[in-house]
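Student: pasting the structure only:
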């Protein structure tokens, strides 16, 4: 496994395909350093199977098509088959391949047989392969074929998909597997991926080339991401008629956390309108520096997507583009938004993985799906850099699991075999069910996860910002919404640290209440004081997680054990201050 190796200057001629007809169809794209280095490695070893793991936005498509053009030029192959997760991505691959001089038929149906002689390849979906793998096997055997398996982790999503891929493409001359999202633990191996025992003896996937988010950020290939976390008070009624109140982001059971999150995302509450208004303000600020910058709201289901769009229209004065998975014009809408200058796009699933909309700079993560895989796919839509200094801003619910995903953006995960993680697999099963229902147009009803409830009300409060794994708390939301849209990563870090220091200094130097006509100025209300303390505690816990890797819930539980008192949601001011002081003691002592 290699990463970030410099390109070989002696390979310049090798990277220019010898295919004589190429000039009539397109021009070879210029390669980034990592793409050239990966090409150098690939051509030097010429393996039958090659797994490239590269962060979203790094340019996996360009790398794969460059490999394809080179292999065609050397007469190693004469056909290309691209396997993609969705119908829209088939079109996207075909358009990119056309620009690279490789005409691909995205409308090919499995079992169709011959295609026009104008094409050198086809694009199919994993689901399509599973329908009739034998037909694709026959085609693969007839030609010297390069199979590009885009987002290859999908070959492990269902047994039939993996078996179909293996049967269809076992005879392929070359197979190039690509992924840009975290793998998960599983018991089913992904076809054509190499596994080797890890330090614990458990088989793990072995990538031939890895280019992570950290490398890409250092190379200015991707944008830095500023996460803006919002909490708030939630209330809902269970099917039994019990009314429950809790604060989003506080340590809760898994069921209560899911119910609080679903309440926050309910279009009829106050949380969503408040967060969408803040996101629109942020987009306005970013568009001062990036005039065509766009925003994306990722919704749980189609009903919510339509409701969010109506709210955004009233906020911004412009109707958002709404993309629903069952619409025939969905791909055309995404393409039009990509090249246009509209402010907002609202989607359920269509823009979660692989879809390339480089101008997306502001996002709202308004979905109940919270797996590392989906979160990484969603964040990947915002990180593609067009010029140096661009920053992505993503608004997220202040849920510990999502904040852990945000803190671990640079973590690289292998595909682990033979280790079935019960909770994780249950989550993925629930995710697939939710997505199927969402794409069918069903609402996120209470029956979907067995957690019946009726949302009664919600409010939104800015909690803290998260950047490069560090939490920055502030009472002033606009301190973060007004950050310029063009800042280098180091400039962003210095700006946040300075604002944090200024806020702490202002807090220390705050004068005592003044007396006017012998009447002292009203001190902050108890509610306001507790809200500030909770935000400060949550920010410190998030920073402690980044430093130690300890889950937020575990840290809160340890603080309760050491300092006493109830959960933070109902703790008094003295109890919250004691926990804040204890976390700071840990940081100083290096516990």
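Tutor: Arrived safely. Since we're looking at a predicted model, the values are computed, not measured.

Student: Against which helices or strands is whichever helix in the chain runs longest packed?
Tutor: Counting residues, the longest helix found in the chain (DSSP state H) is helix 526-548. Packing partners of helix 526-548 (3 or more CB pairs under 8 Å, 6 or more residues apart in numbering; DSSP states H and E): strand 225-237, helix 400-407, strand 461-467, strand 470-472, helix 552-563, helix 573-589. Every C-beta, even on glycine, is put in place using the N, C-alpha and C of the backbone.

Student: hmm, who's touching the longest one?
Tutor: Applying CB atoms under 8 Å, 6 or more residues apart in numbering, the contact partners of helix 573-589 are 526, 529-530, 533-534, 536-537, 540-541, 543-544, 547, 555, 559-560, 562-566, 568, 571, 591.

Student: how much does that helix deviate in direction from helix 552-563?
Tutor: 110 degrees (axes from the mean of the first three to the mean of the last three CA atoms, to 10 degrees).

Student: If you count neighbours, what's buried in helix 573-589?
Tutor: Going by neighbour count (16 or more other CB atoms under 10 Å), the buried part of helix 573-589 is 575, 576, 578, 579, 580, 582, 583, 586.

Student: what about residue 261, neighbour count?
Tutor: Using other CB atoms under 10 Å, the number of residues around residue 261 comes to 25.

Student: Over to residue 86?
Tutor: 23.

Student: Repeat that for residue 249.
Tutor: Residues near residue 249, counting by other CB under 10 Å: 31.

Student: weakest of the helices and strands packed on helix 526-548 in terms of mean pLDDT?
Tutor: Ranked on mean pLDDT, the bottom entry among the helices and strands packed on helix 526-548 is strand 470-472, at a mean of 81.

Student: and the next element down the chain from it?
Tutor: The helix or strand immediately downstream of strand 470-472 is helix 478-481, counting by DSSP states H and E.

Student: got the contact list for the first helix or strand past that next one going along the chain?
Tutor: Helices and strands here follow DSSP H and E; after helix 478-481, the next one along the chain is helix 489-508. Helix 489-508 is contacted from outside by 217, 224, 226, 389, 391, 465, 467-468, 470, 472-476, 479, 483, 487, using CB under 8 Å, 6+ apart.

Student: Buried subset of these, written for PyMOL?
Tutor: Only the buried entries of the contacts of helix 489-508 go into this PyMOL selection, using 16+ other CB under 10 Å:
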select buried, resi 217+224+226+389+391+465+467+468+470+472+473+474+479+483+487
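
Student: Tell me where the stretch 101-250 of the chain has helices.
Tutor: Using DSSP state H, counting those that start in this stretch, the helices of the stretch 101-250 of the chain run over residues 126-131, 133-142, 159-169, 213-218.

Student: Strands of the stretch 151-300 of the chain, residue ranges please.
Tutor: Taking DSSP state E, counting those that start in this stretch, the strands of the stretch 151-300 of the chain run over residues 174-179, 185-186, 195-197, 203-205, 209-211, 225-237, 243-248, 294-299.

Student: Now render those strands as JSON lines, adding distance to residue 98.
Tutor: Formatted as JSON lines, these follow (distance: least, CB to CB, whole Å):
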{"stretch": "strand 174-179", "distance to residue 98": "19"}
{"stretch": "strand 185-186", "distance to residue 98": "35"}
{"stretch": "strand 195-197", "distance to residue 98": "36"}
{"stretch": "strand 203-205", "distance to residue 98": "32"}
{"stretch": "strand 209-211", "distance to residue 98": "25"}
{"stretch": "strand 225-237", "distance to residue 98": "31"}
{"stretch": "strand 243-248", "distance to residue 98": "46"}
{"stretch": "strand 294-299", "distance to residue 98": "24"}
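
Student: Deepest-packed of the ones you listed, please.
Tutor: strand 294-299 (a mean of 27; mean count of other CB atoms under 10 Å).

Student: Residue 173 touches residue 144, doesn't it?
Tutor: Yes: Residue 173 sits in contact with residue 144 when judged by CB atoms under 8 Å, with a separation of 4.6 Å.

Student: what's stretch 106-116 in contact with?
Tutor: Around stretch 106-116, the neighbours that count as contacts under CB under 8 Å, 6+ apart are 90-91, 93-94, 105, 122-124, 128-129, 131-132, 135-136.

Student: between the residues you listed, which is closest to residue 52?
Tutor: residue 93 (15.3 Å; CB to CB).

Student: For the closest one, which residues are in contact?
Tutor: By CB under 8 Å, 6+ apart, the contact list for residue 93 reads 61, 82, 84, 104, 106, 123, 148, 150.

Student: For the residue lying closest to the third one once chain neighbours are set aside, give me its contacts.
Tutor: By the measure of CB to CB, 6 or more residues apart in numbering, the closest residue to residue 84 outside its immediate chain neighbours is residue 150, 4.7 Å from it. Under the criterion of CB under 8 Å, 6+ apart, the contact partners of residue 150 comprise 60, 61, 64, 82, 83, 84, 85, 89, 93, 178, 354.

Student: Now residue 150. Its backbone dihedrals?
Tutor: Here is the backbone geometry of residue 150 (degrees, to the nearest 10): phi -80, psi 130.

Student: ok, so what distance separates it from residue 180?
Tutor: Distance, residue 150 to residue 180, using CB to CB, to the nearest Å: 10 Å.

Student: and for those two, which residues touch both?
Tutor: Shared contacts of residue 150 and residue 180, defined by CB under 8 Å, 6+ apart, comprise residue 60.

Student: tally of neighbours for the closest residue to residue 571 other than its chain neighbours?
Tutor: Distance criterion CB to CB, 6+ apart; nearest residue to residue 571, sequence neighbours excluded, is residue 565 at 5.0 Å. Taking other CB under 10 Å as the criterion, the count of residues near residue 565 is 15.

Student: in which helix or strand would I find residue 565?
Tutor: Here residue 565 is assigned to no helix or strand, by DSSP H and E.

Student: begin at 477 from here
Tutor: Sure thing, new numbering starts at 477, so read that last one as residue 1041.

Student: which ones are touching residue 594?
Tutor: Counted by CB under 8 Å, 6+ apart, residue 594 has contacts residue 579.

Student: Also residue 613?
Tutor: Counting by CB under 8 Å, 6+ apart, residue 613 touches 643, 644, 645, 646, 647.

Student: Pull up the gap between residue 970 and residue 1031, please.
Tutor: Distance from residue 970 to residue 1031, by CB to CB: 27 Å.

Student: So for the two, which sits in the more crowded spot?
Tutor: residue 1031 (22 against 12).

Student: Nearest residue to that one in space, please, no chain neighbours.
Tutor: Residue 1031 sits nearest to residue 1017 (CB to CB, 6+ apart), 4.9 Å away.

Student: Near that neighbour, how many other residues are there?
Tutor: 26.

Student: same deal with residue 789?
Tutor: Residue 789 has 13 neighbours, counted by other CB under 10 Å.

Student: From the contact counts, what lies against the helix or strand containing it?
Tutor: According to DSSP H and E, residue 789 maps onto helix 778-792. Judged by 3+ CB pairs under 8 Å, 6+ apart, the packing partners of helix 778-792 are helix 747-763, strand 770-775, strand 797-799, strand 820-823.

Student: what's the offset of the first one from the middle of its chain?
Tutor: This means helix 747-763. 19 Å (CA atoms, centre = their mean, to the nearest Å).

Student: Could you do the third one as well?
Tutor: Here the centre of strand 797-799 is set off from its chain's centre by 19 Å, with CA atoms, centre = their mean.

Student: Give me the buried positions along the next helix or strand along the chain from that strand.
Tutor: Per DSSP H and E, the first helix or strand lying C-terminal to strand 797-799 is helix 806-815. Under the neighbour-count criterion of 16+ other CB under 10 Å, helix 806-815 has 806, 807, 809, 810, 811, 813, 814 buried.

Student: Identify, from those, the entry nearest to residue 520.
Tutor: Distances from residue 520 to the buried residues of helix 806-815, taken by CB to CB, are shortest for residue 814, at 35.9 Å.

Student: What residues does that closest one make contact with?
Tutor: Going by CB under 8 Å, 6+ apart, residue 814 touches 832, 833, 834, 835.
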